[in-house]
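Trainee: output the structure for:
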Amino acid sequence: MRLFLSALALLLAACGDDATRTDAAGAATEKPIAARQDARDPAYSYSEADLSAALSCDGFTHPDRDPVLLVHGTFTHGRQNWGATFAPILRASGWDVCIMTYPDRGLVDIQRTTEFVAHAVYTMAAASGRKVALIGHSQGVMQVRWAVKWWPGVRERVSDLVSMAGPNQGILLPTAPRDLLGVLGVTIAPFPGAFYQFAQNSQFLRALNRDDETPGDIDYSVLYTQFDELIQPVSPFPAGAIEFGQNNPKRTNVLLQDVCPGRLVEHISIALADRLAYELTLDALHHDGPADVERSGGSALCGLVSLVPELQFPADAFSLFLNEVLLSELEQPLPDFGISAGEPPLMPYAQ
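Mentor: Now for the predicted structure:
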C-alpha cells in the first residue's frame with residue numbers, strides 16, 4: 001500500500017502554480033522579507049512566519065560538525081519522511097539535525113517552495129556558525145539542488161548535498177497518463193503543475209541542469225537504485241544521476257546495484273532503512289569530498305536486503321514510527337493541489 005501511495009504521490013507530484021503569490025510571468029507579487037540575507041538571491045514570496053514555522057531543529061550542540069537539513073519527498077512531510085528513520089539515527093551518530101516541511105505536500109511549484117530550503121540554510125548557518133549539509137529524498141533532491149543553483153548566498157553556506165532517489169534528469173512517468181489520454185482523444189486534462197517539472201526536458205529541469213549541474217564548493221553524493229518504481233529509466237542514461245559519465249572529483253554517482261548486484265532497494269526504502277545508502281551518506285558527512293564506496297564498507301554491506309543495524313535505531317522505534325509516520329498526519333493541513341494546464345513558467349531569475 002505504501003508503494004502504491006508513493007507512486008500516486010509522484011504522479012500527483014510536486015506541482016502547482018499557486019497564482020495568489022505570483023504573477024503571470026512567475027514573478028513574486030509579495031514584498032520580499034528581511035530574512036533574505038544576500039542581495040544576489042531571489043526574493044522570497046512566502047512570509048517570514050511561514051518560512052520559520054516550517055523548520056524544526058535540535059539544539060546546535062556539535063560545533064565540530066556541519067548540521068544536517070533533511071528535505072522530504074512529494075506528498076509526505078518532514079516528520080513522516082525522516083522522523084522515525086534518518087533523523088534519530090543521525091542524532092545518535094553525533095549530528096545536529098533539522099527537518100523542514102515545504103507547503104502543500106510538494107503539490108505547488110518547486111521554484112517557490114524551494115524558498116523554504118533557502119531560508120532553512122540561512123537559519124542553520126547563522127545558528128551553528130558552520131556550513132550546512134543537505135540530504136534530499138525524491139522531490140527533496142530537486143528542492144535542494146534548485147536552492148544551491150539559484151541562491152548564491154545559500155550555495156556558499158552548503159558543504160554537502162546527498163541526493164537519494166532524485167529525478168535529476170527527468171523521468172518518464174509524469175508524461176505517461178497525459179500521453180495515454182491523448183491517444184484516447186482527450187486533449188485538455190489538467191494535472192498538478194510541477195507534474196510537468198519532473199518530466200524529461202521540462203523547462204524546470206533544463207534550467208536546473210544548465211551550464212553546471214554541481215555548482216559551488218559542494219560535495220555531491222548521488223544515490224539511486226535499479227528497482228526504483230518512480231525514478232526511471234536507470235539505463236542507458238540514468239534519470240537519478242548527475243553529470244553521468246563525466247569525471248568530476250566533487251561528485252559521485254552510485255547505483256546501489258553496481259555495489260551489490262540484485263540488491264532489493266526501491267524508492268522508499270533507499271531513504272528508510274537501507275544500510276548501504278545510510279553508510280554512504282555517513283561517509284559523505286564524515287569526510288571531505290563525496291561518498292566513497294570502498295571507504296564506506298563497499299561489498300561488505302551487500303546482500304539482497306541489508307538494513308541499518310537495529311542497534312542504531314532508538315529503543316522506542318515503534319512509538320517513533322507511530323508518532324512521526326502515522327499520528328503526525330493529523331497535524332497536517334489539506335494541501336493545495338495546484339492543478340494547472342501546463343508547466344509553471346520559469347521565474348525570471350532562472351530564464
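Trainee: show the pLDDT at P335.
Mentor: Per-residue pLDDT puts P335 at 76.
Trainee: likewise the one 4 residues further on?
Mentor: According to the model's per-residue confidence, I339 sits at a pLDDT of 81.
Trainee: so what pairs up with it in the strands?
Mentor: Beta-bridge pairing for I339 (DSSP bridges): P192.
Trainee: was I right to think it contacts Y196?
Mentor: No: with contact defined as C-beta atoms under 8 Å, I339 does not reach Y196; the gap is 11.7 Å. C-beta here means a position set from N, CA and C on the backbone, and glycine is covered the same way.
Trainee: more neighbours, the two?
Mentor: Ranked by neighbour count (other C-beta atoms under 10 Å), I339 and Y196 place Y196 first, with 23 against 15.
Trainee: now the more buried one. Nearest residue, chain neighbours left out?
Mentor: E343 (3.5 Å; C-beta to C-beta, 6 or more residues apart in numbering).
Trainee: try P249
Mentor: P249 sits nearest to G289 (C-beta to C-beta, 6+ apart), 7.0 Å away.
Trainee: is the one you found in contact with I218, as I believe?
Mentor: No: G289 lies out of contact with I218 (C-beta under 8 Å); the separation is 10.9 Å.
Trainee: hey, what's in contact with both of the two?
Mentor: K250 (C-beta atoms under 8 Å, 6 or more residues apart in numbering).
Trainee: which of these two has more neighbours?
Mentor: Set side by side, G289 and I218 show more neighbours around I218, with 21 against 16, by other C-beta under 10 Å.
Trainee: and that one, how far from V162?
Mentor: 11 Å (C-beta to C-beta, to the nearest Å).
Trainee: same question for A284.
Mentor: 6 Å.
Trainee: what sits in contact with each of these two?
Mentor: Joint contacts of A284 and V162 (C-beta under 8 Å, 6+ apart) are A133, S221, A291.
Trainee: any idea which helix or strand carries the last one?
Mentor: Meaning A291. Using DSSP states H and E, A291 falls within no helix or strand.
Trainee: which ones are touching it?
Mentor: V162, S221, L223, T252, V254, L280, T281, D283, A284.
Trainee: pLDDT on the helix ranked longest in the chain, on average?
Mentor: Criterion DSSP state H: the longest helix present in the chain is helix 110-128. The average pLDDT within helix 110-128 is 96.
Trainee: strand partners of whichever helix or strand comes after it, parallel vs antiparallel please.
Mentor: As assigned by DSSP H and E, the chain's next helix or strand after helix 110-128 is strand 132-137. Using DSSP bridges, strand 132-137 pairs in its sheet with strand 68-71 (parallel), strand 158-164 (parallel).
Trainee: can you name the residues in contact with strand 132-137?
Mentor: 66-73, 81-82, 86, 117, 120-121, 124-125, 142-145, 147-148, 157-166, 270-271, 281, 284-285.
Trainee: mind listing the strands for the stretch 251-351 of the chain?
Mentor: 251-255, 339-340 (DSSP state E, counting those that start in this stretch).
Trainee: deepest in the core, which of these is it.
Mentor: strand 251-255 (a mean of 21; mean count of other C-beta atoms under 10 Å).
Trainee: name the nearest residue to F321, sequence neighbours excluded.
Mentor: With sequence-adjacent residues excluded and distances taken as C-beta to C-beta, 6+ apart, F321 is closest to A84, at 4.5 Å.
Trainee: quick check: the one you found vs N248, distance?
Mentor: Distance from A84 to N248, by C-beta to C-beta: 34 Å.
Trainee: same deal with V162?
Mentor: Distance, V162 to N248, by C-beta to C-beta: 16 Å.
Trainee: can you check N323 too?
Mentor: Counting by C-beta to C-beta - N323 and N248 are separated by 41 Å.
Trainee: about what we covered before: okay, now the residue nearest to F321: neighbour count?
Mentor: A84 has 26 neighbours, counted by other C-beta under 10 Å.
Trainee: got the contact list for stretch 118-131?
Mentor: So stretch 118-131 is in contact with 35, 37, 41, 44, 51-52, 54-55, 57, 60, 63, 65-67, 69, 96, 98, 100, 132, 134, 147, 151, 153-154, 157-159, going by C-beta under 8 Å, 6+ apart.
Trainee: change it to 7 Å
Mentor: 35, 37, 41, 44, 51, 55, 57, 60, 66-67, 69, 96, 98, 100, 132, 147, 151, 154, 157-159 (C-beta atoms under 7 Å, 6 or more residues apart in numbering).
Trainee: among the residues you listed, which ones are in strands?
Mentor: L55, C57, L69, C98, M100, V132, V158, S159 (DSSP state E).
Trainee: cheers, nothing more for now.
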